[in-house]
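Build me a model:
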Amino acid sequence: MKKLVPISTILSWINLVFGSFICLSMLLATSVFGAVVLIMAFFFSAIPLHSYAALQFHKSIRDPSLPLKRQTATGLRFMGFVVLFFGVMIIANSIAILQHTKEWLQMEQSMMPESKQQFNEKTVRLSGVLALLLGLSLTVNVILNFRLLRWYIMSKGNQDNP
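Sure, this is the predicted structure:
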């Protein structure tokens, strides 16, 4: 289990940075598109919250003298399920984009006819690959943190009851 901690820490940092960037972008887009984007930013804020809780959890694993707060374990589980949902949805959407690139490109060009030159098959594929990597990063990080949390609780339970 000790090998999973550095992997999960790296993924948590990646998710924290990209999740914060997504939420900040959505907050800025609220001034243009209205309250709908604000509601989406509220839901997407689960990504940086989960990553921060995971980093606090990893700190507690590395240094056993730092006890894990009760709210951290609960937040890790609750936010983990929300982030897992987003991760699976992002993976499914990116696979659909990669399978149907031409249809997706036509849809994008019909929605924004003034930017036809910006969108081509390469950019659509690149966005699909980046979305797939982000979704995999989210999903794998949540699964690793769930496993680490279960291992941590079981090991602390064995120490309390010899």
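
Okay, buried residues for the lengthiest helix in the chain please.
Looking across the chain with DSSP state H, the single longest helix is helix 121-160. By neighbour count with 16 or more other C-beta atoms under 10 Å, helix 121-160 contains the buried residues 124, 127-128, 131-132, 134-135, 137-139, 141-142, 144-145, 148-149, 152. For the C-beta atoms, the positions are set from N, CA and C on the backbone; glycine is no exception.

give the contact list for the residue positioned nearest the centre of the chain.
Residue closest to the average C-alpha location in the chain (C-alpha atoms, centre = their mean): Leu138, at 3.7 Å. Leu138 sits next to Asn15, Ile47, Val83, Leu84, Phe86, Gly87, Ile90 when contact means C-beta atoms under 8 Å, 6 or more residues apart in numbering.

can you tell me the helix or strand for the third one?
So that's Val83. helix 70-99 (DSSP states H and E).

Tell me how far that helix lies from the chain's centre.
With C-alpha atoms, centre = their mean, to the nearest Å as the basis, helix 70-99 stands 6 Å off its chain's centre.

same check, this time on stretch 61-76
Using C-alpha atoms, centre = their mean, the offset of stretch 61-76 from its chain centre is 20 Å.

would you put the C-alpha positions of that stretch in PDB?
What follows is stretch 61-76, C-alpha atoms only, in PDB (Å, rounded to 0.1, in the frame of the first residue of the first chain):
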ATOM      1  CA  ILE A  61      -0.500   8.200   6.300                       C
ATOM      2  CA  ARG A  62       3.100   9.400   5.900                       C
ATOM      3  CA  ASP A  63       3.300  10.800   9.500                       C
ATOM      4  CA  PRO A  64       1.400   8.500  11.900                       C
ATOM      5  CA  SER A  65       1.700  11.100  14.700                       C
ATOM      6  CA  LEU A  66      -0.800  13.300  12.700                       C
ATOM      7  CA  PRO A  67      -4.200  11.800  13.300                       C
ATOM      8  CA  LEU A  68      -6.800  11.700  10.500                       C
ATOM      9  CA  LYS A  69      -9.700  14.000  11.200                       C
ATOM     10  CA  ARG A  70     -13.100  12.500  11.200                       C
ATOM     11  CA  GLN A  71     -14.300  15.000   8.600                       C
ATOM     12  CA  THR A  72     -11.500  14.100   6.200                       C
ATOM     13  CA  ALA A  73     -12.500  10.500   5.900                       C
ATOM     14  CA  THR A  74     -16.200  11.400   5.500                       C
ATOM     15  CA  GLY A  75     -15.300  14.100   2.900                       C
ATOM     16  CA  LEU A  76     -13.000  11.800   1.100                       C
END
